[in-house]
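[1] For reference, the sequence and a predicted model appear below.
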Amino acid sequence: MATEAQTKYILDLAVLKTKEFKEVKELLYSAEIVKPGAQIVANATGLAEISNALTDLQASRLIDVLIAAKEPTRSRVYATGRVRKTIAALDDIKASIEDWGF
C-alpha cells in the first residue's frame, strides 16, 4: 500500500500535472503501472481510491510519471456562456437587494 506521504504527493502532483481525473487513469495504464482494465482503477471515482490500492512501488512509479508529465496549459479566459450565466446571476442578486434597507 502506498505510504501517506506518497498519497499526498500524488494528489498534489495530479492537480498540477493533469486537467481531469481520467488523465491519471490513462497515465496508470499507459505507463503500465497497472494492468489494462484493472477494476480498481476502472471503477475508481477519486484519486484517493487509486492511491490506497497502489503498492509503494506502483506509487513511486506514478510519482515519477507525474513529475515527467508536462504541465497543462490552463486558460485564463472564461467561455462566453459561463460569463453570461455569471452576469445573469449577478443581475438577479442586484435586483433582489435593490430595495433592501439598512
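    Sure thing, it's come through.

[2] which parts of whatever helix or strand Lys22 lives in are buried?
    Here Lys22, judged by DSSP states H and E, is contained in helix 21-30. Of all the residues in helix 21-30, those buried under the rule 16 or more other C-beta atoms under 10 Å are Val24, Lys25, Leu27, Leu28. Yep, even glycine has a C-beta here, placed from its N, CA and C like the rest.

[3] who touches stretch 59-69?
    2-3, 6-7, 9-10, 13-14, 17-18, 27-28, 31, 33, 51, 54 (C-beta atoms under 8 Å, 6 or more residues apart in numbering).

[4] Of these, keep whichever come out buried.
    If we count by 16+ other C-beta under 10 Å, these have these buried: 2, 6-7, 9-10, 13-14, 17-18, 27-28, 31, 33, 51, 54.

[5] Tell me the one of the residues you listed nearest Gly81?
    Closest approach between the buried ones among the contacts of stretch 59-69 and Gly81, by C-beta to C-beta: Thr18, at 24.2 Å.

[6] ok, Val24 - contacts?
    With the criterion set at C-beta under 8 Å, 6+ apart, Val24 makes contact with Ala14, Thr18, Leu47, Ile50.

[7] per-residue pLDDT, it?
    According to the prediction, Val24 has pLDDT 95.
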